[in-house]
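S.K.: Curious how this folds, go ahead:
(one chain, ligands or ions: 2)
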Amino acid sequence: MSKLEIHQIPVLNDNYLYLFKDPDSGLVGIVDPAVAGPVLDKLDELGWKLTHIINTHHHMDHTGANLELKEKTGCTIVGAKKDAARIPGMDIGVEDGDIFEFGRQKAQVFEVPGHTVGHIAYWFEESDALFCGDTLFALGCGRLFEGTPAQMWNSLGKFRKLPDRTKVYCAHEYTEANARFAVSVDPENKALQSRFAQIRKLREKHLPTVPSTLGEEKATNPFMRADDPGLQAELELTGADPVEVFAETRRRKDNF
Ligand code: ZN
Ligand code: FE
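M.R.: Numbering: from 1, shown residues only. Ligands and ions are numbered 1, 2, ... in the order given. This is a model prediction of the structure:
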């Protein structure tokens, strides 16, 4: 089986859209279309025909072009069953543990509440691709607009179980600011220090730092490391419940 062919489209200030094709079936999906123009341009350039929109959550910078793209291409819109009322034009609702079949590709669906209560993620295992929206970012995680720290820590725990080689196709280029915060709470972390240096080099040249890998996130992202003794010591929370450590990390980031 072939792997998904994935193209990253930067839009607005710092959003990334992902246009992807299953080479075997010819099906084409877009993750979280904030805007339509750049998607239609890219489809033209590649000679692809859009068949699916895959939404992670209801925010406008993720669903803003749902209806326009559906009207122009006749595509099918997939989103969280639990959030059907807030996903414009949704046709297919999916929930935790579902396998969404996309041609010959299969995506496992995770419910990952925290940023919003209805947030979901899609893991295309054979392509090592995780489309995680605003749940996990390179060196960060989404703000808790609707969910609790316990929910978000549990959601990120679902990603911690996935293979290190998994690519993290998150929805925003927030990495450099996230890195500045990460080194403030985890200053002794050598892997984080070298990652920060790499990120600075990429951003000086205006290059994307996304996708990262889950292996990198597990080693350097403080929001994935609430049970790490070094981070706990830095926060003066040695031996505390990881939910408490996660909540304190999130609180500090919100005020950073
Ligand atoms: Zn969002
Ligand atoms: Fe967003």
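S.K.: Tell me how many other residues crowd P187.
M.R.: For P187, the neighbour count with other C-beta atoms under 10 Å is 11. In short, each C-beta sits where N, CA and C put it, glycine included.
S.K.: Just give me the neighbour total for the residue nearest to it when sequence neighbours are not counted.
M.R.: Once flanking residues are discounted, P187 sits nearest to E234: 6.9 Å by C-beta to C-beta, 6 or more residues apart in numbering. Neighbourhood size, E234 [other C-beta under 10 Å]: 18.
S.K.: residue contacts, E234?
M.R.: By C-beta atoms under 8 Å, 6 or more residues apart in numbering, E234 lies in contact with 185-188.
S.K.: what about burial for the residues you listed, which qualify?
M.R.: The neighbour count (16 or more other C-beta atoms under 10 Å) marks 185-186 as buried among these.
S.K.: Give me the subset of the contacts of E234 lying in helices.
M.R.: If you go by DSSP state H, the contacts of E234 have V185 in helices.
S.K.: What are the phi and psi values at the residue nearest to P187?
M.R.: phi -60, psi -40 (degrees, to the nearest 10).
S.K.: Point out the residues in the stretch 1-150 of the chain that sit beside ligand 2.
M.R.: Listed as neighbours of ligand 2 in the stretch 1-150 of the chain under the rule C-beta under 5 Å from the ion: 61, 134.
S.K.: Would you mind naming what in the stretch 1-150 of the chain lies close to ligand 1?
M.R.: Counting by C-beta under 5 Å from the ion, the stretch 1-150 of the chain sits next to ligand 1 at 59, 134.
S.K.: which residue ranges form the helices in the stretch 1-150 of the chain?
M.R.: Secondary structure of the stretch 1-150 of the chain (DSSP state H, counting those that start in this stretch): helices at 37-46, 60-63, 66-73, 149-160.
S.K.: Now mean neighbour count and mean pLDDT too, for these, in a markdown table please.
M.R.: Putting the helices of the stretch 1-150 of the chain into a markdown table (neighbours: other C-beta atoms under 10 Å; pLDDT from 0 to 100) gives the following:
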| stretch | mean neighbour count | mean pLDDT |
| --- | --- | --- |
| helix 37-46 | 15 | 98 |
| helix 60-63 | 19 | 98 |
| helix 66-73 | 18 | 98 |
| helix 149-160 | 20 | 98 |
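S.K.: Of those helices, which is nearest L214?
M.R.: Taking C-beta to C-beta, helix 149-160 is the member of those nearest to L214, at 6.3 Å.
S.K.: how distant is the closest one from the center of its chain?
M.R.: The chain centroid and the centroid of helix 149-160 are separated by 13 Å, computed with C-alpha atoms, centre = their mean, to the nearest Å.
S.K.: following that helix, which helix or strand comes up?
M.R.: strand 167-170 (DSSP states H and E).
S.K.: right, quick check: that following strand against ligand 1, any contact?
M.R.: No. Figure legend: strand 167-170 not in contact with ligand 1 (C-beta under 5 Å from the ion); closest approach 10.7 Å.
S.K.: Give me the distance from that strand to the chain's centre.
M.R.: Offset of strand 167-170 from its chain centre (C-alpha atoms, centre = their mean): 6 Å.
S.K.: touching ligand 2 at all, that strand?
M.R.: No. Using C-beta under 5 Å from the ion, strand 167-170 stays clear of ligand 2, with a minimum separation of 9.3 Å.
S.K.: List the strands paired with that strand, with their directions.
M.R.: strand 129-133 (parallel), strand 212-213 (antiparallel) (DSSP bridges).
S.K.: pLDDT on the last one, on average?
M.R.: In other words, strand 212-213. Average pLDDT, strand 212-213: 98.
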